[in-house]
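**Student:** Coordinates for the following, if possible.
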Amino acid sequence: MFEGFEHRQIEANGVTINLRRGGNGPPLLLLHGNPLTHVMWHKVAPRLAQDFTVVATDLRGYGDSGKPRGLPDHSNYSFRTMARDQLEVMARLGFETFLVAGHDRGARVAHRMALDYPERVLKFASLDIVPTHWVLTHITRDWAKASYHWFFMAQPYDFPERLLAGREEYYIRRKLDKPGVGTAGFTAEAMAEYIRCCTPENIHGVCEDYRAAIAVDFEMDRIDLEAGRKVQCPVLVLWGENSHVERSFEPVHAWSQYAANVARARKLPSGHYPAEQCPDETYGELISFFRC
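**Tutor:** Alright, predicted model coming up:
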């Protein structure tokens, strides 16, 4: 995977960020979701690297990036903090402005990044989410049933950590086995990497991520929404036809409340993991959006 890419680790914002970099052209940052790593882009990144300088990173708490102990208010795992990690990485690589695509938690990081640093994010592609504030204020019974992990992982330290201790492989295999889709699209090599990286330290980082989401992240989003602040750069909204986003939300309507320019939107033939379940279509949408 990632043939021709260099592997680096960069100290940024007080944490080590693991990444792969490859290609030439305008810089494009790729951010993964939970419970994955930068490996989720392995079917798409080499093709994007034909036109862009692609930087695929592990978020703090995930993969081979640093996993600090969460603070009492969980702010060191907020999307604002994780966005700052990635901005410093890109700056150290020499990129003051760049394009960004994010899936799941990575899309939430990119959303916050585009809000806080509009002068640096040129375009933003979101894969299979609606904004955090919208999710938490439009909860349905079906979404809650499918997305139990949002509130299980967010329980106070160290309840979820203890319940999952010693069961990490079972947890991640079950988490990736989505209703109606199963584990379609995950190669054996990628699955082995996700299992390798699912450690007690990673589980703690994930829990802190979700604890922050329902607390400090929600409040940041509420303040921005009430002040009328929206993402100003062009936004691409992609989601899977067999995902929770399709079943529980109207993604274009939701994103229009938080982004001033939803430039393009498309439902893809996938579940929650389009970059692995329909890489050709995902690549096609990303290249068309970012290259124009």
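**Student:** Please list the residues outside the lowest-mean-pLDDT helix or strand in the chain that contact it.
**Tutor:** One helix or strand of the chain scores below all others by mean pLDDT, DSSP states H and E: helix 141-146, with a mean of 91. Residues from elsewhere that reach helix 141-146 (CB atoms under 8 Å, 6 or more residues apart in numbering): 135, 179, 244, 247, 248, 249. Just so you know, the C-beta spots here come from the backbone N, C-alpha and C atoms, and that holds for glycine as well.
**Student:** Now list the buried members of these.
**Tutor:** 135, 244, 248, 249 (16 or more other CB atoms under 10 Å).
**Student:** Just those: which are in helices?
**Tutor:** Members of the buried ones among the contacts of helix 141-146 lying in helices (criterion: DSSP state H): 135, 244, 248.
**Student:** hmm, back to that, tell me which residues in the least confident helix or strand of the chain are buried?
**Tutor:** For helix 141-146, by 16+ other CB under 10 Å, it's 143, 146.
**Student:** where's the next helix or strand after that helix relative to the chain centroid, distance-wise?
**Tutor:** Heading C-terminal from helix 141-146, the first helix or strand you meet, by DSSP states H and E, is helix 149-152. From the chain centre to the centre of helix 149-152 is a distance of 17 Å (CA atoms, centre = their mean, to the nearest Å).
**Student:** name the helices or strands packed onto helix 149-152?
**Tutor:** helix 200-212 (3 or more CB pairs under 8 Å, 6 or more residues apart in numbering; DSSP states H and E).
**Student:** can you map out the strands along the stretch 101-250 of the chain?
**Tutor:** Along the stretch 101-250 of the chain, the segments classed as strands by DSSP state E, counting those that start in this stretch run 121-127, 235-240.
**Student:** Now stretch 111-121: buried residues?
**Tutor:** By 16+ other CB under 10 Å, the buried positions in stretch 111-121 come out as 111, 112, 113, 114, 115, 116, 120, 121.
**Student:** Which single one of those residues is nearest to residue 12?
**Tutor:** Using CB to CB, residue 113 comes nearest to residue 12 of the buried residues of stretch 111-121, at 13.2 Å.
**Student:** That closest one contacts residue 100, correct?
**Tutor:** Yes: if you go by CB atoms under 8 Å, residue 113 and residue 100 touch, sitting 6.7 Å apart.
**Student:** okay, and the common contacts of the two?
**Tutor:** Contacts common to residue 113 and residue 100, judged by CB under 8 Å, 6+ apart, are residue 121.
**Student:** picking that back up, from the buried residues of stretch 111-121, which ones fall inside helices?
**Tutor:** 111, 112, 113, 114, 115, 116.
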